[in-house]
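Chemist: Show me the folded form of this:
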Amino acid sequence: MSRAFLNRWLESFLGLVLPERCRLCNSYLPQHFPKGICSSCRSRIVYMDAAVCRKCGGLLRSGAAAGFLCGSCIRRPPPWDHARSVVRYGPEVRQLLLRLKYQADTTVLPALSTIVHPVLTTFDHSWDYVLPVPLHRTRLQRRGMNQALSLATILFPGAEKRIDPHLLQRKRATSPQTGLDGADRRRNLRGAFEIAESRSLVGARVVIVDDVFTTGTTMMECARVVRRAGAAEIGVITLARVVMSE
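Modeler: Numbers count the residues shown, from 1 in each chain. The predicted structure follows:
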């Protein structure tokens, strides 16, 4: 039994007998307060509720109306039908996601759920399949969990039967995308994904889920594979999005 597992178990146990604390600043939370994050930390999180491109989900220029296409999507439409992110990738969200991703710290999930909760009713919940972006088996074994799968359960509560972590697969190990430019990211992921043998997506409505939308390279590669498998409609949802410029 690993030390990390024991630490997570101990934290979970203590959470049952001690007052709830904010997973960011460690301050005590009032009884019956939304779980995992205090109002001060939550107030610094910026939601992606400004005018965004209906295709890629990126911010439109100041003064543009929601629902228009950005210049990039007009010139080169992505291989999905629409994309959305819940919040901007700021320091608070970054800390929570890094702990989930690299430390398998599932105690941050209540905080992430609290962050997502205000926008859940605005999501389309009628997808046939919810596909978390997969990890290669070696990385999954090393980390102990796939953060995209955990986020899928938060973003689509009650859709457990439609969340399929095995349909979209990563068939080869790839280098981490962090620090790579756009061209290197594309080369790194080219041919990395596939649909599980004997599975079909013909005519299906599919949404792909990941933690952070940076350049969109990972989602593009996944969406191309899903489209080739016959999906009729493809959505993309991430918890956070890196906003390059206003």
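Chemist: in the protein, which ranges drop under the pLDDT threshold?
Modeler: 1-18, 63, 65-66, 173, 175-188, 245-246 (pLDDT under 70).
Chemist: ranges for the strands of the protein?
Modeler: Remark: strands assigned in the chain by DSSP state E are 82-88, 129-132, 168-170, 193-195, 205-213, 233-241.
Chemist: These into CSV, with extra columns for mean neighbour count and distance to Asn26?
Modeler: All C-beta atoms are positioned from the backbone trio N, CA, C, and that covers glycine. Below are these laid out as CSV (neighbours: other C-beta atoms under 10 Å; distance: least, C-beta to C-beta, whole Å):
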stretch, mean neighbour count, distance to Asn26
strand 82-88, 21, 21
strand 129-132, 24, 29
strand 168-170, 20, 35
strand 193-195, 18, 39
strand 205-213, 24, 23
strand 233-241, 24, 22
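Chemist: do you know which of those strands lies nearest Lys101?
Modeler: strand 205-213 (6.7 Å; C-beta to C-beta).
Chemist: about what we covered before: now the strands of the chain in a markdown table, with distance to Arg227?
Modeler: Output for the strands of the chain, formatted as a markdown table (distance: least, C-beta to C-beta, whole Å):
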| stretch | distance to Arg227 |
| --- | --- |
| strand 82-88 | 14 |
| strand 129-132 | 12 |
| strand 168-170 | 12 |
| strand 193-195 | 11 |
| strand 205-213 | 9 |
| strand 233-241 | 6 |
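Chemist: Select, out of the ones you listed, the one closest to Leu140.
Modeler: Closest of the strands of the chain to Leu140 is strand 168-170, at 8.9 Å (criterion: C-beta to C-beta).
Chemist: so Ala152 makes contact with Arg162?
Modeler: No: if you go by C-beta atoms under 8 Å, Ala152 and Arg162 don't touch, sitting 9.5 Å apart.
Chemist: Can you work out which residues contact both of those two?
Modeler: Counting by C-beta atoms under 8 Å, 6 or more residues apart in numbering, the contacts common to Ala152 and Arg162 are Val130.
Chemist: Count the neighbours of the nearest residue to Ala232 once chain neighbours are set aside for me.
Modeler: Nearest residue to Ala232 in three dimensions, chain neighbours excluded: Gly203, at 5.0 Å (C-beta to C-beta, 6 or more residues apart in numbering). As a burial measure, Gly203 scores 10 neighbours (other C-beta atoms under 10 Å).
Chemist: List the contacts of Gly203.
Modeler: Neighbours of Gly203 in contact, by C-beta under 8 Å, 6+ apart: Gly230, Ala231, Ala232.
Chemist: Tell me which stretches of this structure form helices.
Modeler: All helices of the chain, identified by DSSP state H, fall at 3-17, 39-43, 71-75, 91-103, 109-116, 137-143, 147-155, 182-189, 217-228.
Chemist: Mean neighbour count, those: which tops it?
Modeler: Counting by mean count of other C-beta atoms under 10 Å, helix 147-155 has the highest mean neighbour count of the helices of the chain, with a mean of 23.
Chemist: Run through who's touching that one.
Modeler: 86, 97, 100-101, 106, 109, 112-113, 116, 120, 123, 130, 132-135, 160, 163, 165, 209-211, 237, 239.
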